[in-house]
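[1] Please work out how this folds:
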Amino acid sequence: MSGPSDGTRAGEARAGGSLLEREALHYIRELIRIDSVNTGDPRTIGDGETRAARLVQAALAEVGLESELIESTPGRGNVVARLRGTAPDGGEPERGALVVHAHLDVVPVEGQEWRHPPFGAEIHDGELYGRGAVDMKNFAGVLVAVARAFAREGFTPSRDLVFAFFADEEAGGTWGAKWLVEHRPDLFEGATEALSEVGGFSVPIPSPASGGSGTSDAASEPGRHRRAYLVATAEKGVGSARITARGRPGHGSRPTPDNAVVRIAQAVAAIGGHRFPFTRTPALEAFLERFGAARGAGFPEAAADVEAELAALGFTGSLVSAGARDTASPTVLEAGAKTNVIPGVATASLDVRVLPGHEASFVDELRAVVGTDVEVEVGRWIPPIASPVDAPIVAVMQQAIEADDPDGIVVPYLLPASTDNKHLSRLGISGYGFVPLRVPDEFDVFGQFHTADEHIPVEALAFSARVTERLLRLA
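    Numbering: from 1, shown residues only. Reported below is the predicted structural model:
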């Protein structure tokens, strides 16, 4: 498919900017217009991911960049391209390859009320609307534009760059990143690091406080470091658990002291009332240190005080706080089928999110919470991941941001959700969530994920293209 021309759509023409920025916006909009909804049910998933993959492959081929389109199963398309880096003395590049990736699927829109068509990619008042505008066809379009720019220039990076576009992230990556890691690990040969969602977006830093701990002269200067750009250096593990209570079945007219429904209800109530310990992971420690220095006042030591100060930060604090504790949320209850029959078995399913290093301790604590009369079984599980908070690539992110936002500061945090970086980690690849977006202080980027009227400022997309291109050039 050809790139945008002078006759491109009016919204893109009005956006202006460099060729890189115009192409990024063009491909973001073209990808949004492809309905690649992932319902999680193979019976209701069409070929949207493959159609999106073909668009990406055609855009890369147009500038001479070869790629491979892999359908893990019909309709579930993935695209991978490698831009070779320098190889001193004819050997391997000095550093391992960097994987930059985005997923091509999106979550459903049914049951939501949209003011603008979810697959229209319309621009209104400087905002691009559409499913995938933030999660995450925005970065897919940016990566296409950056790859095209590098190919046109004949740019040779200092390390191999692997551009990957995955299917099925929204349903756990079974037919996307996970499948490729298991069946085509050669595509990621030599890779040591990866960049993708969820991070890179700006969040406001409060005005410097007077008298706070950890204050430095630079950090205290009014007007300095007004925005932090979060980078996810770790992710919680995501999985499910099932708790089961057993008792003596019988007639509803004769209550029994070991009623399974009562036992499971008590266990669910105990889980709902339990708070797992506040944990200062390396990612949280880095956030508290760097964000605290930037605002001119460090955070206190006591967990309750830290959480109170995080709560005062609004949506930023709520996101960071969600990564400070393990969680178990009861979501499905199953018991009897008839009101006059006391069932012998009752179960509850739980959504569980576990911090790095807590896999074993979490299960032990959950068992202690529900008691010995209730069985605990851990089901499908994607383990947590953690990457170094002070890796050189984090410094490169800072350098790339500063060129566009001199007062911006890159701050690590722990993502309470899950991305395809978890699958790549099985190949020894350290994953980071960093999709650069400079947005107004009141704009909650994470709050746009999976919501109705998903949107992003067009100016933020131009910023994303510039910073991503610079980051990959320096990485």
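
[2] What sits closest to Val238 if chain neighbours are left out?
    The shortest distance from Val238 to any non-neighbouring residue, by C-beta to C-beta, 6 or more residues apart in numbering, is to Ser418 (4.3 Å). C-betas here are computed from N, CA, C, even on glycine.

[3] same question but for Ser67, I mixed them up
    Ala81 (3.6 Å).

[4] Could you say which helix or strand holds the one you found?
    strand 77-83 (DSSP states H and E).

[5] residue ranges for the helices of the stretch 301-450 of the chain, please.
    303-311, 315-321, 359-370, 392-402, 421-424 (DSSP state H, counting those that start in this stretch).

[6] Which of these sits closest to Arg152?
    helix 392-402 (20.4 Å; C-beta to C-beta).

[7] just the helices in the stretch 101-250 of the chain please.
    So, for the stretch 101-250 of the chain - with DSSP H, counting those that start in this stretch - the helices run 137-153, 177-183, 217-220.

[8] mind checking which of the helices of the stretch 301-450 of the chain is nearest Ser202?
    helix 392-402 (8.9 Å).

[9] Which positions in the closest one come out as buried?
    Buried residues in helix 392-402, counted by 16 or more other C-beta atoms under 10 Å: Ile393, Val394, Val396, Met397, Gln398, Ala400, Ile401.

[10] Stretch 327-339 now?
    By 16+ other C-beta under 10 Å, the buried positions in stretch 327-339 come out as Thr327, Ala328, Pro330, Ala335, Gly336.

[11] before we move on, what about stretch 52-70?
    Neighbour counts using 16+ other C-beta under 10 Å place Ala52, Ala53, Arg54, Leu55, Val56, Gln57, Ala59, Leu60, Leu65, Ser67, Leu69, Ile70 of stretch 52-70 among the buried residues.

[12] Tell me which of those residues fall in strands.
    Leu69, Ile70 (DSSP state E).

[13] Between the buried residues of stretch 52-70, which sits nearest Gly239?
    With C-beta to C-beta as the yardstick, the closest approach to Gly239 among these comes from Ile70, at 27.0 Å.

[14] and the gap between the closest one and Gly96?
    22 Å (C-beta to C-beta, to the nearest Å).

[15] got it, and His116?
    Relative to Gly96, His116 is positioned 42 Å away (C-beta to C-beta).

[16] Quick check: chain neighbours aside, which residue is closest to the residue positioned nearest the centre of the chain?
    Among the residues of the chain, the one closest to the centroid is Val198, at 3.1 Å (C-alpha atoms, centre = their mean). Excluding the flanking residues, the one nearest Val198 by C-beta to C-beta, 6+ apart is Gly433, at 4.7 Å.

[17] who touches the one you found in this structure?
    195-200, 231-233, 235, 415, 419, 421 (C-beta atoms under 8 Å, 6 or more residues apart in numbering).

[18] ok so, going back, using a markdown table, please lay out the helices of the stretch 301-450 of the chain together with mean pLDDT.
    Listed next are these as a markdown table, based on pLDDT from 0 to 100:
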| stretch | mean pLDDT |
| --- | --- |
| helix 303-311 | 93 |
| helix 315-321 | 93 |
| helix 359-370 | 94 |
| helix 392-402 | 97 |
| helix 421-424 | 98 |
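
[19] right, and the ones you listed - which one's nearest Asp186?
    Comparing the helices of the stretch 301-450 of the chain by C-beta to C-beta, helix 421-424 comes nearest, at 13.7 Å.

[20] And the contacts of the closest one?
    Contacts for helix 421-424 (C-beta under 8 Å, 6+ apart): 99, 101, 173, 177-178, 181, 188, 191, 194, 196, 235, 382-383, 385, 429, 431-433.

[21] Of those, keep whichever come out buried.
    So, by 16+ other C-beta under 10 Å, the buried ones in the contacts of helix 421-424 are 99, 101, 173, 177-178, 181, 188, 191, 194, 196, 235, 382, 385, 429, 431-433.

[22] Which of these fall within strands?
    Mapping those onto strands (DSSP E) picks out Val99, His101, Ala191, Ala194, Ser196, Glu235, Ile382, Ile385, Gly431, Tyr432, Gly433.

[23] list the buried ones in stretch 28-45?
    For stretch 28-45, by 16+ other C-beta under 10 Å, it's Ile28, Arg29, Glu30, Leu31, Ile32, Arg33, Ile34, Ser36, Val37, Asn38, Ile45.

[24] again but with stretch 251-271, I slipped
    Asn259, Ala260, Val261, Val262, Arg263, Ile264, Ala265, Ala267, Val268, Ile271.

[25] so can I have a markdown table of the residues you listed showing secondary structure?
    A markdown table is the format used below for the buried residues of stretch 251-271 (DSSP: H, G, I helix; E, B strand; the rest coil):
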| residue | secondary structure |
| --- | --- |
| Asn259 | coil |
| Ala260 | helix |
| Val261 | helix |
| Val262 | helix |
| Arg263 | helix |
| Ile264 | helix |
| Ala265 | helix |
| Ala267 | helix |
| Val268 | helix |
| Ile271 | helix |
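
[26] Quick check: the farthest pair among those residues?
    The largest separation in those, counting by C-beta to C-beta, is between Asn259 and Ile271 at 18.5 Å.

[27] And for Thr244, nearest residue in space, chain neighbours not counted?
    Using C-beta to C-beta, 6+ apart, the nearest residue to Thr244 is Glu375, at 4.4 Å.

[28] I figured that neighbour was touching Ala241, is that so?
    No. Counting by C-beta atoms under 8 Å, Glu375 sits too far from Ala241 to count as a contact (10.5 Å).

[29] tell me the domain ranges of the chain?
    The chain breaks down into these domains under automatic domain parsing: 10-198+419-474, 204-390+407-414.

[30] which one of the ones you listed has the lowest average pLDDT?
    Across the domains of the chain, domain 204-390+407-414 has the smallest mean pLDDT, namely a mean of 90.

[31] Appreciated, that's everything.
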